[in-house]
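Engineer: here's my sequence, what's the structure:
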Amino acid sequence: MEINRPSSATLTPEQQQALEQFRERVHALALSGGLSTDTVRNVVRAMRQHPDFSVEILQVLYEESDVLREAAPGVSLLDLQ
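Structural biologist: Sure thing, here's the model as predicted:
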């Protein structure tokens, strides 16, 4: 799923770096069993603290979910047990 927000500002280099680190962390968590309840809470907290950045955060989660669904059908990105 692609999210388009034409009015959203371009990310600064620092924000781009933070987003890439987030992407790498989400990928590592997906490979090791998924995002825990605490991780999801932290993501939601970050989105509330940085609303201009929240769409990009969601996009990373959607992309990782798609990758995981293709690589391992039936495995969920979220481990909310």
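
Engineer: C-alpha from now on. contacts and neighbour counts both.
Structural biologist: Noted.

Engineer: any idea which residue sits dead centre in this protein?
Structural biologist: Most central in the chain under CA atoms, centre = their mean is L61, positioned 3.1 Å from the mean C-alpha point.

Engineer: if I read this right, it contacts V26, doesn't it?
Structural biologist: Yes: L61 is within contact range of V26, at 7.5 Å (criterion: CA atoms under 8 Å).

Engineer: avg pLDDT for stretch 36-44?
Structural biologist: Here stretch 36-44 scores 87 as its mean pLDDT.

Engineer: for stretch 58-72, which residues meet the burial criterion?
Structural biologist: 58-62, 64-66, 68 (16 or more other CA atoms under 10 Å).

Engineer: let me see the ranges of the helices in this protein.
Structural biologist: Taking DSSP state H, the helices of the chain run over residues 13-31, 37-49, 54-71.

Engineer: ranking those by burial, who's on top?
Structural biologist: Neighbour counts (mean count of other CA atoms under 10 Å) averaged over each of those peak at helix 54-71, with a mean of 16.

Engineer: for it, packing partners?
Structural biologist: helix 13-31, helix 37-49 (3 or more CA pairs under 8 Å, 6 or more residues apart in numbering; DSSP states H and E).

Engineer: returning to what we had before: and the helices of the chain as CSV, adding distance to L77?
Structural biologist: Converted to CSV, those look like this (distance: least, CA to CA, whole Å):
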stretch, distance to L77
helix 13-31, 6
helix 37-49, 11
helix 54-71, 6
